[in-house]
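# Sequence first, predicted coordinates after that:
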Amino acid sequence: IGLWERWERGELGPGGTIGAGQGVDEEGPGPGGDDGGDGERWMVSVPVVRCWNKVLNAWAKAADGSRAEALLRRMDGLAAAHARDIVRPDTLSHTIVIDAHARAPRGWGAAEDALARMEAEAARRGPGSHVAPNEKSYNA
């Protein structure tokens, strides 16, 4: 099992640790070589919304709104399934998806739909939810 699968199953927390030898073989032994049974712990990096936004931005630059939209839905699904806000899409995530659709040929309709979904999500979550559209969202 890879690190991401462990995180999806809730075995790792944000910036969490797991003991050496617990399926992290792809990383190799700890800094001192074999831990010799001393329980040395490894730090595990878990992708946060900032990391996901970088991938979304790549899809936007490629003008691939459908791939960006699919990734946004995956982020939201992971956040809901594991109650982890560190991957919940934010204002920038939604704005990037709007931009991805807007860059595509004849993508203005999909961009408008993405903006409408963003506004609906902001209304559902309420004030302070970090998903409300801003001036960049409306100008994407």
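All right, it came through fine. Residues are numbered from 1 along each chain as shown.

# Contacts only, for Ala122.
Taking C-beta atoms under 8 Å, 6 or more residues apart in numbering as the contact definition, Ala122 lies against 129, 131-133. C-beta coordinates here come from the backbone N, C-alpha and C atoms, glycine included.

# Can I get the residues you listed in JSON lines including distance to Leu72?
Shown next, in JSON lines, are those (distance: C-beta to C-beta, whole Å):
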{"residue": "Ser129", "distance to Leu72": "15"}
{"residue": "Val131", "distance to Leu72": "11"}
{"residue": "Ala132", "distance to Leu72": "16"}
{"residue": "Pro133", "distance to Leu72": "14"}
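
# who wins for neighbours among those residues?
Val131 (21 neighbours; other C-beta atoms under 10 Å).

# Helix or strand: which one has the nearest residue to Ala132 once chain neighbours are set aside?
Leaving aside its sequence neighbours, Ala132 sits nearest to Ala122 (C-beta to C-beta, 6 or more residues apart in numbering; 4.2 Å). Taking DSSP states H and E as the criterion, Ala122 maps to helix 108-125.

# which residues touch whichever helix or strand comes after that helix?
Following helix 108-125 in sequence order, the next helix or strand is helix 135-139 (DSSP H and E). If you take C-beta under 8 Å, 6+ apart as the criterion, helix 135-139 is touched by 91, 94-95, 98, 115, 118.

# coming back round to it: among the contacts of Ala122, which pair sits farthest apart?
Ser129 and Pro133 (11.5 Å; C-beta to C-beta).

# Quick one: mean pLDDT for the helix holding Ala122?
For helix 108-125, the mean per-residue pLDDT is 95.

# about what we covered before: do you know how far the residue nearest to Ala132 is from Arg67?
The gap separating Ala122 from Arg67 is 23 Å, by C-beta to C-beta, to the nearest Å.

# With Ala123 instead?
Taking C-beta to C-beta, one finds Ala123 at 26 Å from Arg67.

# Also Arg124?
25 Å.

# Measure how buried Pro89 is and give me the count.
Around Pro89 there are 25 residues (other C-beta under 10 Å).

# Does it touch His130 like I think?
No. If you go by C-beta atoms under 8 Å, Pro89 and His130 don't touch, sitting 9.3 Å apart.
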